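Asker: Let's see this in three dimensions:
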Amino acid sequence: MSNKNAKENDNNGRGWLLKVFLITFILSIVFNYFSSEVVEKLNLTVSIIVLVFFLLLGVSLDLVSTAVTAADEAPFHAKAADKKRGAKESVKLIKNADKVSNFCADVIGDVCGVLTGATGALIAVRIASSLQMTDFTIMTMLMTAVVTSLTVFGKGACKKVAIRNANQIIYVVGICMSYLKLKKD
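Answerer: The predicted model follows:
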């Protein structure tokens, strides 16, 4: 029986990795298109708002990634028994913490990281052009430094918050998931 469970876990692991690969591939194409084609056509203010959105999304999902690995499942079983909204979803998140963490931090988080870099580069070129700079290198380096620093700062600041408030964070995510859940007919 132990061999059978090991084989099932191995097969589930490979299936998950294939799903993650495909989801990441598709999201990268979609987000990259959005970043390069759409942002390029937007005015500077809206482009900066898009950049901030991707940055905050990456930082927020890193918060969820850390929280799900630190959350305690037991309190959610009690809430589920009391039929509290989001409790079942929270249990499911915690039971799948490895996959949830991988999806939030690695799939979405890394795609957001790449997109903030690409969007930041487009913004830097636009700013350099408007300042009639012929060499975009300095502006691109400054923008890259700002985006990278803000991302690392945000993720670092969220780690302690996520660990200390893991159950509350996962419960909020569980509640949000319960509202997004499609009803099965």
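
Asker: Mind pulling up the pLDDT for Ser2?
Answerer: Looking at Ser2, its pLDDT reads 48.

Asker: Would you mark the buried spots in stretch 149-162?
Answerer: The neighbour-count check on stretch 149-162 (16 or more other C-beta atoms under 10 Å) flags Leu150, Thr151, Gly154, Lys155, Cys158, Ala162 as buried. For glycine as for every other residue, the C-beta is placed from the backbone atoms N, C-alpha and C.

Asker: Can you pick out the most distant pair from those residues?
Answerer: Using C-beta to C-beta, the buried residues of stretch 149-162 reach their maximum pairwise distance at Leu150 and Ala162, which is 17.7 Å.

Asker: And for Gln132, the neighbour number?
Answerer: For Gln132, the count of nearby residues is 6 (other C-beta atoms under 10 Å).

Asker: scratch that, Ile29 is what I was asking about
Answerer: Residues near Ile29, counting by other C-beta under 10 Å: 10.

Asker: contacts for stretch 77-90?
Answerer: With contact meaning C-beta atoms under 8 Å, 6 or more residues apart in numbering, stretch 77-90 is reached by 71, 76, 91, 170-178, 181.

Asker: 10 Å - rerun?
Answerer: Residues from elsewhere that reach stretch 77-90 (C-beta atoms under 10 Å, 6 or more residues apart in numbering): 68, 71, 73, 75-76, 91, 93, 167, 169-181.

Asker: buried subset of the residues you listed?
Answerer: The buried subset of the contacts of stretch 77-90 (16+ other C-beta under 10 Å) comprises 68, 71, 76, 91, 93, 167, 169-171, 173-175, 177.

Asker: which one of the residues you listed sits closest to Val46?
Answerer: For the buried ones among the contacts of stretch 77-90, the nearest to Val46 is Val173 (28.5 Å; C-beta to C-beta).

Asker: ok, now how distant is the closest one from Val59?
Answerer: Separation of Val173 from Val59 (C-beta to C-beta, to the nearest Å): 15 Å.

Asker: Show me where this structure has its helices.
Answerer: 2-33, 39-41, 44-70, 74-81, 87-95, 97-101, 109-130, 137-164, 166-180 (DSSP state H).

Asker: show me what contacts Met139?
Answerer: Applying C-beta under 10 Å, 6+ apart, we find Met139 in contact with Ala121, Ile123, Ala124, Val125, Arg126, Ile127, Ala128, Ser129, Leu131, Met133.

Asker: any chance of these in JSON lines, with neighbour count too?
Answerer: Listed next are the contacts of Met139 as JSON lines, based on neighbours: other C-beta atoms under 10 Å:
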{"residue": "Ala121", "neighbour count": "18"}
{"residue": "Ile123", "neighbour count": "23"}
{"residue": "Ala124", "neighbour count": "22"}
{"residue": "Val125", "neighbour count": "16"}
{"residue": "Arg126", "neighbour count": "19"}
{"residue": "Ile127", "neighbour count": "18"}
{"residue": "Ala128", "neighbour count": "19"}
{"residue": "Ser129", "neighbour count": "12"}
{"residue": "Leu131", "neighbour count": "8"}
{"residue": "Met133", "neighbour count": "14"}
